[in-house]
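> Give me a model of this one.
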Amino acid sequence: MARRDDDFQNMQNDPKNWKWGLYVNPEDSRILVPKRIPAMGLTLNFGNPKTGLFLLLCAVVITLTHTLVRLWQGSV
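Numbering: from 1, shown residues only. Sure, this is the predicted structure:
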């Protein structure tokens, strides 16, 4: 069953889901969640196992981009 926006809002506002300034809630299916002050942007849900894959993907993209730029600069 899909969660409603109210459910997500309640989980996000629950102080038990914020540890050391990080959002950690394995029951929340979202990877990116609004920060405690929504105007400040988004943060990662470190309780979601998919967050680790997201961070790994970001690291791979950055590494590949860096490597390709270095190779291109060396061949010019």
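> Just give me the residue closest to the centre of the chain.
Geometric centre of the chain, nearest residue: residue 44, 2.8 Å, by C-alpha atoms, centre = their mean.
> On the three-state scheme, it is what?
At residue 44, secondary structure determined by DSSP: H, G, I helix; E, B strand; the rest coil is strand.
> I'd assumed residue 23 was in contact with it.
Yes: using C-beta atoms under 8 Å, residue 44 is in contact with residue 23, at 7.1 Å. Backbone N, C-alpha and C define where each C-beta goes, glycine included.
> any residues in contact with both of the two?
With contacts defined as C-beta atoms under 8 Å, 6 or more residues apart in numbering, the residues shared by residue 44 and residue 23 are residue 33.
> separation between the spatially closest residue to the residue nearest to the centre of the chain that is not a sequence neighbour and residue 24?
Using C-beta to C-beta, 6 or more residues apart in numbering and skipping residues adjacent in sequence, the residue nearest residue 44 is residue 51, 5.1 Å away. Separation of residue 51 from residue 24 (C-beta to C-beta, to the nearest Å) stands at 10 Å.
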